[in-house]
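K.L.:
below is the structure, and that's it, no one-letter string:
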């Protein structure tokens, strides 16, 4: 077994057990308000759903939320929308909204401007072959499009943990 630094081990443990089943109702309420009323033609084709995980992206013992939205209104040939939310009282504020993302979503041991780097898969929509893209925090947000700079393909092996796997469970928004 490889040696894992104690800080990384704590990070991996802290992020490994928060799933869609354990999320508070206020996340669903926030998403309903943020996303607005459902657009019936899209909802009839494929309802808006989401997967989420609470993870401490700043190592400050406050868990942010990574949300992966699916449904006709949030996905295209390149992927779906990802939100990164920070708690704000009993609600949340949006830290980032990233388009054309695909699962899995991985939180890396590396950091930029005090926040953990994140990787997502980029594929489809003309991007072949697919690749793992690194999203780094710039001091205010993460990149909104993983297929253009400042996002970039992952080079080499970087430690991290998959927080939303390809098989992530989804809950309904509407």
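P.N.:
That came through fine. Here the structure is a predicted model, which is why all the values come from computation and not from measurement.
K.L.:
and the gap between residue 131 and residue 97?
P.N.:
21 Å (Cβ to Cβ, to the nearest Å). Yep, even glycine has a C-beta here, placed from its N, CA and C like the rest.
K.L.:
strand partners of the strand or helix carrying residue 101, parallel vs antiparallel please.
P.N.:
Assigned by DSSP states H and E, residue 101 falls within strand 91-112. As defined by DSSP bridges, the strand partners of strand 91-112 come to strand 79-88 (antiparallel), strand 115-124 (antiparallel), strand 160-164 (antiparallel).
K.L.:
in TSV, list those along with mean neighbour count, distance to residue 35 and mean pLDDT.
P.N.:
Formatted as TSV, those follow (neighbours: other Cβ atoms under 10 Å; distance: least, Cβ to Cβ, whole Å; pLDDT from 0 to 100):
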stretch	mean neighbour count	distance to residue 35	mean pLDDT
strand 79-88	21	10	95
strand 115-124	22	20	93
strand 160-164	20	18	95
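K.L.:
residue 105: which of the ones you listed is closest?
P.N.:
Nearest to residue 105, of all these, is strand 160-164, at 4.2 Å by Cβ to Cβ.
K.L.:
give me the distance between the nearest residue to residue 74 once chain neighbours are set aside and residue 141.
P.N.:
Nearest residue to residue 74, sequence neighbours excluded (Cβ to Cβ, 6 or more residues apart in numbering): residue 81, at 4.5 Å. For residue 81, the distance to residue 141 equals 14 Å [Cβ to Cβ].
K.L.:
mind listing residues that contact stretch 133-141?
P.N.:
Stretch 133-141 has contacts (Cβ atoms under 8 Å, 6 or more residues apart in numbering) with 57, 95-96, 98, 108, 111-122, 142-143, 146-147, 150-154.
K.L.:
export the strands paired with strand 91-112 as a markdown table, with columns for distance to residue 65.
P.N.:
Formatted as a markdown table, the strands paired with strand 91-112 follow (distance: least, Cβ to Cβ, whole Å):
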| stretch | distance to residue 65 |
| --- | --- |
| strand 79-88 | 4 |
| strand 115-124 | 13 |
| strand 160-164 | 10 |
